[in-house]
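Trainee: sequence and predicted structure below; questions after.
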Amino acid sequence: MVRMEECRTSLYDTHVKYGGKMVPFAGFLLPVQYEKTGVIKEHMAVRTGCGLFDVSHMGEILCEGEGALANLNDLLTNDFSGMYDGQARYSPMCNEEGGVVDDLIVYKIRENRYFIVVNAANKDKDFEWMLAHQRDGAIFTDISRKIGQIALQGPLAQQILSRVAAEESIPGRYYSCVTEGKAAGIECLISRTGYTGEDGFELYMDSEKAPALWEALMEAGKEDGLTPCGLGARDTLRLEAAMPLYGHEMDDEITPLETGLKFAVKMKKDHFIGKEALEKAGNPARKRVGLKVTGRGIIREGADIYIGDERIGKSTSGTHAPYLGYPVAMALVQTEKAEVGSRVEADVRGRRVEAEIVALPFYKRKV
């Protein structure tokens, strides 16, 4: 049994100070929202200004050695050849049947050294999978306990970060990082990435330094209304931006091709775990689609989707989209029934709720 104090990130007391409503999530106690704001206000702060998230529950793993690149290319569906130092690349990690073990981000720190960020709930499973497929010349090391992670997200993120970080510490390209940056005098890896659909940064530092960096960012963002945000807004933001979530839009039985991640699956590579199964399956029989609710109600996860009396699939995530102002959902449906503009119905606790298949993402920021 895990003791309560082992379930706290180093920012636990900070969240309590700011009025965070703490809930268990992926083995940690984290704020689902804050008393003074709530999910909708936190969501809107990120869309229109800037929000601050504690994502220290995520897992961090190093892959090092002369065989690191070859091992990653064998383990993951994307291709990590030709990356420059400081570049980040997204990838699913498949099992032998082509299902998704997890999705993750790999940062190239330098030659033969890669920093991997995995989903919190899957960290132990992922690390065991990596160790089971560790090749000669490569070593995987779980460093999650040592790392704190803070996400600064929203159109004002760079403006706020620039008050505590020099220009050379702020990455300019999306999906790139400064591996030896500094923010408020604290050494960080600073990446231009996020899970909200907005511009923003994710900062990785010694876990003990996270509270000081949080306070420095809050002070720097005071005049811009920087808002602490919880798990609730993190989920509504990613869903509004149609970002898939492990355990919903993908899992061990859903392939990355079914969930629309073809861009990160390099079938021309000589080999990766799951490639043969994906080739054998051919064109995906299911496809992830967006649903805009046109009837009354909210379609959440697990609702059967129909065209007339024919069941064509099941919803994977759904909520009211605060910025858009209407309910949306994502679903896996039969590929031949996935045409944009099709009218469908979802069975929500025995009641049919009307919806329309729409193009993804639901929301896309203006560049």
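Mentor: Noted; the coordinates are in hand.
Trainee: going by C-alpha atoms from here, please, whenever you check contacts or count neighbours.
Mentor: Noted.
Trainee: pull out the buried positions in stretch 351-367.
Mentor: 352, 353, 354, 355, 356, 357, 358, 360, 361, 362, 363 (16 or more other Cα atoms under 10 Å).
Trainee: pipe the residues you listed into a markdown table and attach secondary structure per row.
Mentor: Formatted as a markdown table, the buried residues of stretch 351-367 follow (DSSP: H, G, I helix; E, B strand; the rest coil):
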| residue | secondary structure |
| --- | --- |
| 352 | strand |
| 353 | strand |
| 354 | strand |
| 355 | strand |
| 356 | strand |
| 357 | strand |
| 358 | strand |
| 360 | coil |
| 361 | coil |
| 362 | coil |
| 363 | coil |
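Trainee: what about the helices in the chain?
Mentor: 12-17, 39-48, 68-75, 123-132, 157-161, 210-220, 231-240, 275-281 (DSSP state H).
Trainee: between those, which one is nearest to residue 195?
Mentor: Closest to residue 195 of the helices of the chain is helix 231-240 (Cα to Cα; 5.8 Å).
Trainee: now the angle between helix 39-48 and that closest one, please.
Mentor: Orientation check (axes from the mean of the first three to the mean of the last three Cα atoms, to 10 degrees): helix 231-240 against helix 39-48 gives 50 degrees.
Trainee: quick one: helix 231-240 to chain centroid distance?
Mentor: The chain centroid and the centroid of helix 231-240 are separated by 10 Å under Cα atoms, centre = their mean, to the nearest Å.
Trainee: that helix packs against which elements?
Mentor: strand 28-34, helix 39-48, strand 310-321 (3 or more Cα pairs under 8 Å, 6 or more residues apart in numbering; DSSP states H and E).
Trainee: just put the ones you listed in TSV and tack on distance to residue 145, mean neighbour count and mean pLDDT.
Mentor: As requested, the helices and strands packed on helix 231-240 are arranged in TSV below (distance: least, Cα to Cα, whole Å; neighbours: other Cα atoms under 10 Å; pLDDT from 0 to 100):
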stretch	distance to residue 145	mean neighbour count	mean pLDDT
strand 28-34	12	23	97
helix 39-48	28	22	98
strand 310-321	30	21	98
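Trainee: could these be laid out in JSON lines, adding distance to residue 286?
Mentor: As requested, these are arranged in JSON lines below (distance: least, Cα to Cα, whole Å):
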{"stretch": "strand 28-34", "distance to residue 286": "32"}
{"stretch": "helix 39-48", "distance to residue 286": "31"}
{"stretch": "strand 310-321", "distance to residue 286": "8"}
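Trainee: closest one to residue 106 among those?
Mentor: Closest of the helices and strands packed on helix 231-240 to residue 106 is strand 28-34, at 23.4 Å (criterion: Cα to Cα).
Trainee: residue 295 contacts residue 356, correct?
Mentor: No - with contact defined as Cα atoms under 8 Å, residue 295 does not count as touching residue 356 (9.5 Å).
Trainee: buried stuff in stretch 263-283?
Mentor: Buried residues in stretch 263-283, counting neighbours by 16+ other Cα under 10 Å, are found at 264, 265, 266, 267, 272, 273, 274, 275, 277, 278.
Trainee: how many neighbouring residues does the residue lying closest to the first one once chain neighbours are set aside have?
Mentor: On the basis of Cα to Cα, 6 or more residues apart in numbering, the spatially nearest residue to residue 264 that is not a chain neighbour turns out to be residue 78, at 4.9 Å. Residue 78: 22 surrounding residues under other Cα atoms under 10 Å.
Trainee: cool, the one 10 residues further on as well?
Mentor: As a burial measure, the neighbour count of residue 88 was computed by other Cα under 10 Å and equals 23.
Trainee: numbering from 3 from now on, please.
Mentor: Done: numbering now begins at 3, and the last item shifts to residue 90.
Trainee: can you give me the pLDDT of the residue nearest to residue 135 when sequence neighbours are not counted?
Mentor: With Cα to Cα, 6+ apart as the criterion, residue 135 has its nearest non-adjacent residue at 7.3 Å, and that residue is residue 77. Confidence at residue 77, expressed as pLDDT, is 98.
Trainee: and residue 306, which of the helices of the chain is closest to it?
Mentor: Using Cα to Cα, those put helix 233-242 closest to residue 306, at 18.7 Å.
Trainee: got the buried residues for the closest one?
Mentor: 233, 234, 235, 236, 237, 238, 239, 240, 241, 242.
Trainee: the third one touches residue 44, doesn't it?
Mentor: Yes - in terms of Cα under 8 Å, residue 235 counts as a neighbour of residue 44; the distance is 6.0 Å.
Trainee: remind me which residues of this protein are low pLDDT?
Mentor: 3-8 (pLDDT under 70).
Trainee: in it, which residue is closest to the centre?
Mentor: residue 197 (4.7 Å; Cα atoms, centre = their mean).
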